[in-house]
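Q: Quick one: sequence plus predicted model below, questions after.
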Amino acid sequence: MKRILLFAFLSMGLVACGSDSSGGGGNPIVASGLQNAQRADLSGQASVFTGNLGSGVTFTFPAVKDQGYLISFQSSDSSDQVVLDFAGDDGTGLKSKTVDSGDTYQYTHIGKSQHVLVIARPRNPFNTAIDVTSLTITGRGSFPEDAVHVNFVVAGKHTGYGSFGDMATTADQAAFTTAVMQKVQQHFAQSGIAISFEGFAYTADQVKAQNPSLIGPDDMALCAAGETVGSSGFGLVQTQGLDAWGDLGFDKTDPDFDRSRGINLFIVHHFSNDGTVGLSPRPGVLIGRGPDTALCVATFLQQGSTLIPRTADEVALVATHEIGHFLGLLHTTTFTPDPLRPSEAIDDGVSDTPECLVTTDVNGDGRVGIGDGCPDETNIMFYQSGPMQTVFSQGQSQIMRNLLSLQEH
């Protein structure tokens, strides 16, 4: 990410996205281990790595702009030193720091919100026998971790969406908002996170007045997205369109506290590129408007010249998936170079989500995904969506809760 992640819909190849990355100076860091980097849980309790450091290990954690993270290193020899090389999820170098055994370093993320990749290596490259007893990251704040507010904005016309009367009236829009968000609330209940929401509607003319590029034919609201998978195994998504919607969100000075510090979720007619149904920063920013503050979900899937309407339950599943990205989650499996011709299935690094090792299109539908034997295909954060997806793991839930604790809301 900075934004990443596309979310595909069963049998249609839909995609829904997470976050892309940018920021920082320095040269790209090259390390094959980034593809299978361990995932830090931000609790400060679970060590991201223990054992012989060898020439180095890699790990990743979701970092929110301007937030601080405590990284503690301990080894069996108090004279040991490690170097922590920080990089954005596109491999761009961010920072490097030497840490002594027994010390804690506070890393402050000054770039765009993104998943930060870290290489921990011996300061002395010949000292490959460092015995790491604990390597932890603490990313927890004092804000509520069990609740978040969603500003649910229906944008433009939804002509052709027969359900809920094309959302042509205030009553139609309210019924649609309630149907989607009640399902989202049900999905999140297992994580211990309560979702509150408020519904809004922006007319096509109101959106045009702010940014004409966001409105297409027949006053349909549009969002643009495009994804490639980088050498690190993260999806890198073009999100200028998403950030443009972020500019239409609620400012941090809004007198309604929840509104000013909530997730701005825009319901658009469709994405301007085929196959996409949702897009989100990973992780996102709760406060105010602008980059990284909004996600988009579509009521239609575009496939060539065909627009396929989607049900409220389908919209709700994608919205849940995208909020998961907004709160720091990756796809449980990322295929490189892509699911149409995968050479590797890359795990999300969360210890209690199943690892998919499948790279063969078993069911012959043209891509590797649902129906091909991936054990994580029932997880809400699997890259394809289908009605069987109902699960957030405990580890995923804790990551989202930790991310919430860091931001005022």
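A: Sure, I can see it.
Q: Once you drop chain neighbours, what's closest to residue 322?
A: residue 280 (3.9 Å; CB to CB, 6 or more residues apart in numbering). (Each C-beta comes from the backbone N, C-alpha and C, glycine too.)
Q: So for the one you found, what's the pLDDT?
A: Listed pLDDT for residue 280 reads 91.
Q: Please tell me how far it sits from residue 197.
A: Counting by CB to CB, to the nearest Å, the separation of residue 280 from residue 197 is 16 Å.
Q: what about these two, which has more around it?
A: residue 280 (35 against 20; other CB atoms under 10 Å).
Q: now the helices for the stretch 51-200 of the chain?
A: All helices of the stretch 51-200 of the chain, identified by DSSP state H, counting those that start in this stretch, fall at 170-189.
Q: can you map out the strands along it?
A: With DSSP state E, counting those that start in this stretch applied, the stretch 51-200 of the chain shows strands at 51-52, 57-63, 68-75, 81-87, 93-100, 104-108, 114-122, 131-138, 147-155, 194-202, listed in chain order.
Q: Quick one: closest of these to residue 249.
A: Ranking the strands of the stretch 51-200 of the chain by proximity to residue 249 (CB to CB) places strand 147-155 first, at 7.0 Å.
Q: In that closest one, which residues are buried?
A: Neighbour counts using 16 or more other CB atoms under 10 Å place 148, 149, 150, 151, 152, 153, 154, 155 of strand 147-155 among the buried residues.
Q: related to what we said a few turns ago, am I right that the residue nearest to residue 322 is in contact with residue 327?
A: No: with contact defined as CB atoms under 8 Å, residue 280 does not reach residue 327; the gap is 9.3 Å.
Q: Phi first, then psi, for the residue at minimal distance from the centre of the chain.
A: The structure's the chain has its C-alpha centroid closest to residue 325; by CA atoms, centre = their mean the separation is 2.3 Å. Backbone torsions of residue 325, given as degrees, to the nearest 10, read phi -60, psi -40.
Q: Residue 282 is in contact with that one, correct?
A: Yes: the pair residue 325 and residue 282 passes the contact test of CB under 8 Å, sitting 4.3 Å apart.
Q: Next, find the distance separating the residue nearest to the centre of the chain from residue 245.
A: Residue 325 is 15 Å from residue 245, by CB to CB.
Q: Equivalent analysis for residue 212, please.
A: Taking CB to CB, one finds residue 212 at 13 Å from residue 245.
Q: likewise residue 180?
A: From residue 180 over to residue 245 the distance is 17 Å, taken as CB to CB.
Q: and if you look at residue 387?
A: When residue 387 is compared with residue 245 (using CB to CB), they lie 28 Å apart.
Q: Please say which of those two ends up with more neighbours.
A: Neighbours per residue (other CB under 10 Å) separate residue 387 from residue 245, with residue 245 holding more: 29 against 10.
Q: would you put the C-alpha positions of the helix or strand harbouring residue 317 in CSV?
A: In the assignment (DSSP states H and E), residue 317 maps to helix 312-326. What follows is helix 312-326, C-alpha atoms only, in CSV (Å, rounded to 0.1, in the frame of the first residue of the first chain):
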residue,chain,number,x,y,z
ALA,A,312,-26.0,-5.6,0.5
ASP,A,313,-24.4,-8.6,2.1
GLU,A,314,-21.6,-8.6,-0.6
VAL,A,315,-21.0,-4.9,-0.1
ALA,A,316,-20.9,-5.5,3.7
LEU,A,317,-18.3,-8.3,3.4
VAL,A,318,-16.0,-6.1,1.3
ALA,A,319,-16.5,-3.2,3.7
THR,A,320,-15.5,-5.4,6.6
HIS,A,321,-12.5,-6.6,4.6
GLU,A,322,-11.4,-3.0,3.8
ILE,A,323,-11.9,-1.8,7.4
GLY,A,324,-9.6,-4.8,8.3
HIS,A,325,-7.0,-3.3,6.0
PHE,A,326,-7.6,0.2,7.5
